[in-house]
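>>> Predicted model follows, preceded by the sequence.
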Amino acid sequence: PRDWKRVDRRVCLARRFRRTDDRVVSMFGLLYGLYTEAFRKNEYKFLILGVGGAGKTFVLESLKTKYSPTPGLRCKEIVPTVGLNLARLDGLVPNGTCLFWDLGGRHGLRGIWEKYYSECDGVLFVVATSDGDGSLDSKDSKDSSESFQASLEVLAEVVQVRSLAGAPVLVLVNDKNDKNESENVASKTLRLENVLASVSRKRATRVSRLNSDCSGVTWLVETAVGSERTRERLGIRAVTNT
């Protein structure tokens with residue numbers, strides 16, 4: 001019958017349009033995926049560690065001032081960190097964002113550090129060379145600062161943590177409030193380098209003096225971005241020359 005033939009034709013046309021629609025949707029999905037991948041911003045994660053009163057929050061606020069449209073807090077406005085502070089900063093990595101976690105460093109707060117180890121790409125460890133006489137970390141630092149020896153011990157523990165394997169470590173030496181002679185500061189810096197020497201074959205390490213522009217942070221970020229640990233976390237294949 002003619003009616004049945006008309007129905008068959010309509011069904012065939014409907015199937016053809018459906019196939020065309022499926023192809024269009026599939027092609028759109030492919031193009032969208034390529035566009036997203038091309039303009040995706042990788043996020044690199046860094047921990048700012050150190051004992052209480054070392055100057056960690058000062059470092060974070062200095063980074064905000066340099067790399068964020070909104071200036072960070074001034075030294076007198078900083079209070080001791082209970083828990084964590086964080087900053088998401090652009091400008092350190094092309095087509096990427098850096099997330100810095102400033103974790104509380106008092107003895108009772110250091111237990112939370114291990115929860116962040118596996119996801120971080122690099123460690124920024126702040127050490128004050130002064131022994132409990134105040135630091136750049138807060139206006140209440142006289143009550144919260146720990147000794148240089150405590151910093152050495154905690155640093156030695158951090159660099160041996162297995163879940164941080166492959167993560168570069170930058171030690172920032174804060175000597176702003178050290179009233180001792182420069183020779184004493186140099187001696188303490190050497191002791192820090194000796195701690196890092198035990199793991200220098202396993203990871204990239206560096207000791208740098210804390211200054212207003214935090215120049216050592218550039219080294220940390222660049223080293224972390226190119227590390228195998230970071231590429232594996234982000235699922236980035238290493239580029240090899242053949």
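Noted; the coordinates are in hand. The structure displayed is predicted, hence computed values, not measured ones.
>>> which SSE is the residue most central in space within the chain in?
Centroid-nearest residue in the chain, with C-alpha atoms, centre = their mean: F46, separated by 1.5 Å. Per DSSP states H and E: F46 is located in strand 42-49.
>>> Beyond that strand, next helix or strand please.
helix 56-67.
>>> Could you give me the buried positions within that next one?
Under the neighbour-count criterion of 16 or more other C-beta atoms under 10 Å, helix 56-67 has K56, T57, F58, V59, L60, E61, S62, L63, K64, T65, K66, Y67 buried. In this view, the C-beta of every residue, glycine as well, is placed from N, C-alpha and C.
>>> Can you name the residues that contact the fourth one?
In other words, V59. I48, D102, L124, V126, L172, L210, C214, V217 (C-beta atoms under 8 Å, 6 or more residues apart in numbering).
>>> Ok, the first one next?
Under the criterion of C-beta under 8 Å, 6+ apart, the neighbours of K56 are I48, L49, G50, T81, D102, L103, G105, V126, D137.
>>> so how far is K45 from it?
16 Å (C-beta to C-beta, to the nearest Å).
>>> quick one: low-confidence ranges for the protein?
1-40, 131-145, 177-181, 212-213, 237-242 (pLDDT under 70).
>>> Which stretches in it count as helices?
Here the chain has its helices, by DSSP state H, at 2-38, 56-67, 114-117, 141-144, 148-158, 182-197, 216-225, 228-234.
>>> Taking helix 216-225 as reference, get the angle to the second one.
When axes from the mean of the first three to the mean of the last three C-alpha atoms, to 10 degrees is applied, the directions of helix 56-67 and helix 216-225 differ by 90 degrees.
>>> Noted, bye for now.
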